[in-house]
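1. What would the 3D arrangement of this be:
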Amino acid sequence: MGHHDGIEDEWDDAGTADRVAEREHDARLVAAALAGDPDAFGALYDRWFDRVHHLVAGILGDREAVADTCQDTFLAAWRGLPRLADHLAFGGWLLRIARNAAYDRSAAARRSRPVDDEEL
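-> Numbers count the residues shown, from 1 in each chain. Have a look, this model is predicted:
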């Protein structure tokens, strides 16, 4: 058989359609948040918290640092929302904020680690 039966293409199309619908939903929530809807950013938080937490936890590991970094991520996103040019890009933008915040915290923790006198 020279080609497959098309099932994979249908699954890929369904996955793409789901991702497009998710991005459009996020974009509507971003627009609503910017328009003053008090619940819209909370809905974005609920939709994205698990993904942000998973990403940050994979970088940091320490529970307290993960919690602080997740909080910092959403605060930075809230403050930066007016500068997000493409509302459809919210998810990728948010995950970049989270990744950068986690790497910054990880680097700061390495710099502030006390020196072991025994090693000297």
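
2. which residues touch the residue nearest the centre of the chain?
-> With distances taken as Cα atoms, centre = their mean, the residue of the chain nearest its centroid is residue 95 (2.8 Å). With contacts defined as Cβ atoms under 8 Å, 6 or more residues apart in numbering, residue 95 is in contact with 51, 52, 55. The C-beta positions use only the backbone N, C-alpha and C, and glycine is treated the same way.

3. Now do it against residue 77, distance only.
-> Using Cβ to Cβ, to the nearest Å, one obtains 10 Å as the distance from residue 95 to residue 77.

4. ok so, going back, Throw the contacts of residue 95 into a markdown table and include distance to residue 99 and secondary structure, thanks.
-> Shown next, in a markdown table, are those (distance: Cβ to Cβ, whole Å; DSSP: H, G, I helix; E, B strand; the rest coil):
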| residue | distance to residue 99 | secondary structure |
| --- | --- | --- |
| 51 | 11 | helix |
| 52 | 9 | helix |
| 55 | 6 | helix |
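
5. so residue 27 touches residue 87, yeah?
-> Yes - at 3.8 Å, residue 27 counts as touching residue 87 under the criterion of Cβ atoms under 8 Å.

6. hang on, the earlier thing: what strand or helix carries the residue nearest to the centre of the chain?
-> With the criterion set as DSSP states H and E, the secondary-structure element containing residue 95 is helix 90-112.

7. buried ones in that helix?
-> Residues of helix 90-112 classed as buried: 90, 91, 93, 94, 95, 97, 98, 99, 101, 102, 105, 106 (neighbour count, 16 or more other Cβ atoms under 10 Å).
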